[in-house]
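> Let me see the structure of the following:
(one chain, ligands or ions: 2)
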Amino acid sequence: MNYTKKLIVEPGTKVRLKQFDPAYQGKEGKGDAEQDVDKELAAVKVKLGDLQRKMYGDNQHSLLIVLQGLDAAGKDGVCWHVIGGMDPQGCKVQGFKVPTATEAAHDFLWRIHPHAPAKGEVAVFNRSHYEDVLVTRVHQLVPRKVWERRYDLINEWERLLAVENGTTILKFCLVVSKEEQLKRFAERLDDPDRQWKISDSDYKEREFFDDYLDAFDEALERTSTEHAPWFTIPCDHKGFRNLAVGHIVLEAMEALDLKYPKPTVDLDQIRREYHAAAVEETGGGKRKKG
Ligand code: AMP
Ligand code: MG
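Ligands and ions are numbered 1, 2, ... in the order given. So this is what the prediction gives:
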C-alpha cells in the first residue's frame, strides 16, 4: 500500500473524522499477522536510522514531524516504536504540555519556534502549536476571535520553516476510536509500568471526544498544505499505526536523496603522509607483547 497517498489530507478537502475508520488496517488486514508487522517495522526502522544519519552528516536538510492525537491514540508509542530507530545525535523529541506562566504570557508560537529543527536535524513534536487550536478551542481558553486567527498564523509560520528555510514538515493526526481509547485506559490502570501515564484529565477530556474531532476537522482542513501536509492515521491497531507513520516518514526522507557528504580532505594524502607514518611509529599497528 502507498501509505502517503492513502492517508494524506489533500489541501482543500473536507475532513470528517466522525466518519473516519480508526480500525482500518489496509485491505490485507495486516494487524492480524503480528510477526509480519514486526518484521516490516524493523526493516523500516533500519532504513529510517540510515537516512537520518545521512541527514545529520550532510547537514543540509531538516525534518519536522508533528504528532497530534486524542489521548491514548499513541503519540508516545510512535516515538518509541518508529522514531526510536533514529540516532539521538541529530534527532530530538520535544513534548508540549500545559504552557507555563511565562509561556502563556507570550504569543502561542514563542515556545514552539526554538524547537524547530536546525539543518541536519530531525525534530519530533509530541503535541505542538496545534494544541492552541484544539484544547484551547474545545475549552474556550481564549476568545473565538483569538483562536480563529491562529490557523492563518500557523500556515504562515510553517511556510517560513518549509518554503523559506527548506524544512520538510509532516503532520500526523492519530485517530483512535472511543471504545479503543477506553480499553487502553483500562490497560493502563492494570499495568504498573504504565500507571504513571494516567491523569484524571484523560477521563474529563473523553467527555469532549466529539468536540475534539470537530476541532481536528477544522485544523486539518485549514492547515493541510502542499508544504506541510497532514496525514490521518487509523490507530486502533498499533501495528498498522506504526507502519503507516514509518512508511510515510521513510518516503519523505527517500525523496530528499540524502547522501553522506564528500570528505573535505585529500584521503590519498592522509593515507600517504599521516596514516603510514602513524602505523610506522606504532610498529605496524601490532601491539607489543609483554
Ligand atoms: P500529556 O501529553 O498527556 O502529558 O498531556 C499534556 C497536556 O497538556 C494535555 O492535556 C494537553 O492538552 C495540554 N496542553 C498542551 N499544550 C497546551 C496548550 N497550548 N494549552 C493548553 N493545554 C495544553
Ligand atoms: Mg496524557
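> drop to CA atoms for contacts and neighbour counts, all remaining ones
Will do.
> If I look at G284, what pLDDT would I see?
G284 is assigned a pLDDT of 67 by the prediction.
> cool, and K289?
59.
> Ok, G26 next?
pLDDT at G26 comes out at 84.
> Let's verify it: helix, strand, or coil?
At G26 the chain is in coil, as set by DSSP: H, G, I helix; E, B strand; the rest coil.
> Which residue comes closest to it once chain neighbours are left out?
Residue nearest to G26 in three dimensions, not counting chain neighbours: M1, with 7.6 Å by CA to CA, 6 or more residues apart in numbering.
> Check the secondary structure at Q269 for me.
Strictly by three-state DSSP, Q269 counts as helix.
> Local confidence estimate at it?
If you check Q269, the pLDDT there is 94.
> again with D32
Listed pLDDT for D32 reads 51.
> again with F231
Reported pLDDT for F231: 98.
> Which secondary structure elements does the helix or strand harbouring it sit against?
According to DSSP states H and E, F231 maps onto strand 230-234. Judged by 3 or more CA pairs under 8 Å, 6 or more residues apart in numbering; DSSP states H and E, strand 230-234 is in contact with helix 3-7, strand 8-9, strand 167-175, helix 238-254.
> and the residue nearest to G26, how many neighbours?
10 (other CA atoms under 10 Å).
> just the one 10 residues further on next, same as before
Each residue near P11 was counted by other CA under 10 Å, and the total is 17.
> before we move on, what about W110?
Using other CA under 10 Å, W110 has 13 other residues around it.
> Does the most centrally placed residue in the chain belong to a helix, a strand or coil?
The centre of the chain sits closest to I65, judged by CA atoms, centre = their mean, with a distance of 3.5 Å. Secondary structure, three-state DSSP: I65 is strand.
> ok, it to ligand 1 distance?
To ligand 1, I65 is 16 Å away according to CA to the nearest ligand atom, to the nearest Å.
> State the distance from R272 to ligand 1.
Taken as CA to the nearest ligand atom, the span from R272 to ligand 1 is 56 Å.
> Which pLDDT value belongs to that residue?
With respect to pLDDT, R272 scores 93.
> Ligand 1 contacts on the stretch 101-250 of the chain?
By CA under 6 Å from any ligand atom, the residues of the stretch 101-250 of the chain that approach ligand 1 are E131, D132, V135, T136.
> is it possible to export the residues you listed to a markdown table including neighbour count and distance to D87?
Listed next are those as a markdown table, based on neighbours: other CA atoms under 10 Å; distance: CA to CA, whole Å:
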| residue | neighbour count | distance to D87 |
| --- | --- | --- |
| E131 | 18 | 28 |
| D132 | 19 | 30 |
| V135 | 17 | 32 |
| T136 | 16 | 34 |
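> how many other residues sit next to D268?
Residues lying near D268 (other CA under 10 Å) number 10.
> Please apply the same query to D266.
D266: 8 neighbours (other CA under 10 Å).
> One more: the one 4 residues further on?
The number of residues packed around I270, counting by other CA under 10 Å, is 12.
> How about G239?
G239 has 22 neighbours, counted by other CA under 10 Å.
> and the gap between it and ligand 1?
Look at G239 and ligand 1: by CA to the nearest ligand atom, they are 21 Å apart.
> right, and that residue touches V37 too?
Yes: assessed by CA atoms under 8 Å, G239 is found in contact with V37 at 6.1 Å.
> how about the helices in this protein?
Counting by DSSP state H, one finds helices in the chain at the ranges 3-7, 34-58, 75-81, 101-104, 135-138, 144-159, 178-190, 200-206, 209-223, 238-254, 267-269, 276-281.
> so of those helices, which one's packed in deepest?
Most buried of the helices of the chain, by mean neighbour count (mean count of other CA atoms under 10 Å): helix 238-254, with a mean of 21.
> Counting by contacts, list what that one packs against.
helix 3-7, helix 34-58, helix 75-81, strand 167-175, strand 230-234.
> Just the CA atoms of the fourth one, as CSV, please.
What follows is the C-alpha trace of strand 167-175 in CSV, where atoms were taken according to Å, rounded to 0.1, in the frame of the first residue of the first chain:
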residue,chain,number,x,y,z
THR,A,167,12.4,22.1,6.3
THR,A,168,10.3,19.1,5.4
ILE,A,169,7.2,19.1,7.5
LEU,A,170,5.0,16.0,8.1
LYS,A,171,2.0,16.3,10.5
PHE,A,172,0.2,13.2,11.8
CYS,A,173,-3.3,13.2,13.3
LEU,A,174,-3.5,9.9,15.3
VAL,A,175,-7.1,8.8,15.5
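> Report the inter-axis angle for that strand versus strand 230-234.
30 degrees (axes from the mean of the first three to the mean of the last three CA atoms, to 10 degrees).
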